[in-house]
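>>> quick one: sequence plus predicted model below, questions after.
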Amino acid sequence: MSVRFNKSTLDDFGLIKSVEGLITDKIDHSIWKKTELLDLGWGNENGFYKTPLPGFDDLSKLVLEFSYNKKNNNIDTINFYGALAILLQLYPVLLLDKVEEYDLKGKFESKKDKDFFELVKLNIQPKISLEIATRNKNNTEVEHFKRWQKIFSKYL
């Protein structure tokens, strides 16, 4: 994953395009797919994910049990960013359910988890607002939006 758009080419990520047209790691030849990742404040970052993707449970554990700090860009943080991006793309409602479950169990702390909720809000609020506006306010999406707003109001 790039951070502040510091990577854009396959070579920047240590990847190559194989003869078959697949994107593979230069060293272990694992298969990767290009994807748009999180918006860290400058637009969606460039990135790739290794296939096969872990399932929802593994991704959500990686995200929700990680102590996120926006000032740290080590490999664990990069994995956190990637997992969160995939969850928001593929499992947005399941992620919302899991966040509410963690909230009810008191697993979030206002100060410690503020960066996490700011990042989630930055990446879902514009998308949800646009979808609601362009789809004549689908009741399900409006409800999800209200649920996220309730969570944000507790921690931001």
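Noted; the coordinates are in hand.
>>> for this structure, longest strand please?
Assignment by DSSP state E gives strand 31-39 as the longest strand of the chain.
>>> how about it: buried residues?
Using 16 or more other CB atoms under 10 Å as the test for burial, strand 31-39 gives 32, 35, 37-39. For every residue, glycine as well, the C-beta is placed using N, CA and C.
>>> likewise for stretch 79-99?
For stretch 79-99, using 16+ other CB under 10 Å, the buried residues are 80-88, 91-92, 95-96, 98-99.
>>> closest one to Lys26 out of those, please.
Gly82 (18.7 Å; CB to CB).
>>> domain parsing for this protein?
Domain ranges of the chain: 1-52, 53-155, per automatic domain parsing.
>>> what about stretch 36-45, distance to the chain center?
10 Å (CA atoms, centre = their mean, to the nearest Å).
>>> same check, this time on stretch 17-25
25 Å.
>>> which element, helix or strand, includes the residue lying farthest from the centre of the chain?
Distance from the C-alpha centroid of the chain, by CA atoms, centre = their mean, peaks at Val19 (30.6 Å). Using DSSP states H and E, Val19 sits in no helix or strand.
>>> that one and Tyr102: what is the separation?
From Val19 across to Tyr102, the span is 45 Å (CB to CB, to the nearest Å).
>>> also Lys7?
The value you get for Lys7 to Tyr102, if CB to CB is used, is 31 Å.
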